[in-house]
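Q: 3D, please:
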Amino acid sequence: MNDNRPIGVFDSGVGGLMFAKEIKRLLPTESLIYFGDTQNLPYGEKSKEEITQFSVSITHFLKENNCKAILVACNSATANSLKEIREAAGKDIPVIDVISPVAEKVSFELREKIGIIATKATVNSSAYKKAIRRRNKHIHVVEMATPLLVPVIEEGFTNSIISKAVLETYLLNKKLEGIDSIILGCTHYTHLEKEINQLFEGKVDIVNSPLIVVNQVIYQLAKEGKLASKDANPQYTFFISVNTDNIIKVAKKFFGKDIQLIEKSLDY
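A: Modelled structure (predicted):
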């Protein structure tokens, strides 16, 4: 049984394109519809009510565009609004989040102290800590809000003296001292992975969230008989709520130069 309808992916900006790119790599016959809510970026600074309102509206949009599954490629949306997103999607559309698969994997590996950097909304929810400790109470989990990283990435300041200064300020904090692993608890942060690895001199394991999460997407689609056929002709459509030259530049850097962005405002 096959299903050639697209997979829906959404994030508060273009950070989630890393997950879309991983889907394209591991599932080359799958079609994608991506929505980046650049108008309301970043979600990590918004209230739970606002995040839920935005996330539910995007879910309805993806559902109206015949998506067979939805990947919530946003940690703040996952941490604050997953229940409402699933209700909006309905029983026939599986919703995959970015926290549960990661928590599941790290909980059963040999780790002693895990650091989590994320937006304020994600850290305030303690979603990662609760998910990991629920599965393995012996792991020491420390969380830190790192709100400046999203604008650094969205403005294209990766691999610069600006990103280096911000990362050093956050990651050299005593709170993260002695960690053996770090979870990048915001989809945007994967774009800083090389810089983070250099800062830790390769001594801290950076959890590969996109690979873990997309493998969960594969598992879910296979389980429900919704994988695309091997001869399917994949289509990729990318929507953003506000378009700027800089967003186009960053999106091309994250997904590929052939990406075309369509500006689409939603009735939130």
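
Q: rest of the way, CA atoms for contacts and neighbours
A: Noted.

Q: CA atoms only for the helix or strand bottoming out on mean pLDDT in the chain - export them in PDB, please.
A: Between all helices and strands in the chain, the lowest mean by mean pLDDT, DSSP states H and E belongs to helix 245-255, at a mean of 83. Backbone C-alpha positions of helix 245-255 (Å, rounded to 0.1, in the frame of the first residue of the first chain) are rendered in PDB as follows:
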ATOM      1  CA  ASP A 245      15.900  38.800   0.500                       C
ATOM      2  CA  ASN A 246      17.700  37.600   3.600                       C
ATOM      3  CA  ILE A 247      15.200  34.800   4.200                       C
ATOM      4  CA  ILE A 248      15.600  33.600   0.600                       C
ATOM      5  CA  LYS A 249      19.400  33.700   1.100                       C
ATOM      6  CA  VAL A 250      19.300  31.700   4.300                       C
ATOM      7  CA  ALA A 251      16.700  29.200   2.900                       C
ATOM      8  CA  LYS A 252      19.000  28.500   0.000                       C
ATOM      9  CA  LYS A 253      21.900  27.900   2.300                       C
ATOM     10  CA  PHE A 254      19.800  25.400   4.400                       C
ATOM     11  CA  PHE A 255      18.000  23.500   1.800                       C
END
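
Q: can you list the strands that the helix or strand just after it pairs with?
A: Remark: after helix 245-255, the chain's next helix or strand is strand 261-263, criterion DSSP states H and E. Partners of strand 261-263 in the sheet, by DSSP bridges, are strand 236-240 (parallel).

Q: about what we covered before: summarise which helices and strands the least confident helix or strand of the chain is packed against.
A: Here helix 245-255 is seen to pack against helix 17-26, helix 149-154 when contacts are counted using 3 or more C-alpha pairs under 8 Å, 6 or more residues apart in numbering; DSSP states H and E.

Q: possible to save these as a markdown table with mean pLDDT?
A: Shown next, in a markdown table, are the helices and strands packed on helix 245-255 (pLDDT from 0 to 100):
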| stretch | mean pLDDT |
| --- | --- |
| helix 17-26 | 95 |
| helix 149-154 | 88 |
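
Q: let's have the ones you listed in a markdown table, adding distance to Ile259 and mean neighbour count.
A: Output for those, formatted as a markdown table (distance: least, C-alpha to C-alpha, whole Å; neighbours: other C-alpha atoms under 10 Å):
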| stretch | distance to Ile259 | mean neighbour count |
| --- | --- | --- |
| helix 17-26 | 10 | 20 |
| helix 149-154 | 16 | 20 |
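
Q: what sits up against the least confident helix or strand of the chain?
A: Defining contact as C-alpha atoms under 8 Å, 6 or more residues apart in numbering, one finds that helix 245-255 is touched by 14-15, 17-18, 20-21, 154-156, 191, 258-259, 261.

Q: of those, closest to Asn4?
A: Ala20 (16.4 Å; C-alpha to C-alpha).

Q: residues contacting the closest one?
A: 9, 32, 34, 255.

Q: now do 10 Å
A: By C-alpha atoms under 10 Å, 6 or more residues apart in numbering, Ala20 lies in contact with 7-10, 14, 32-34, 71, 73, 210, 214, 236, 238, 254-255.

Q: Ala88 now?
A: Contacts of Ala88 by C-alpha under 10 Å, 6+ apart are 55-60, 63, 82.

Q: pLDDT weak spots in this protein?
A: Across the chain, nothing is flagged by pLDDT under 70.

Q: ok, back up a step: identify the farthest-apart pair in the contacts of Ala88.
A: Among the contacts of Ala88, Lys63 and Leu82 lie farthest apart (C-alpha to C-alpha), at 15.4 Å.

Q: hang on, the earlier thing: now, among the contacts of helix 245-255, which is nearest to Met1?
A: Ala20 (23.4 Å).
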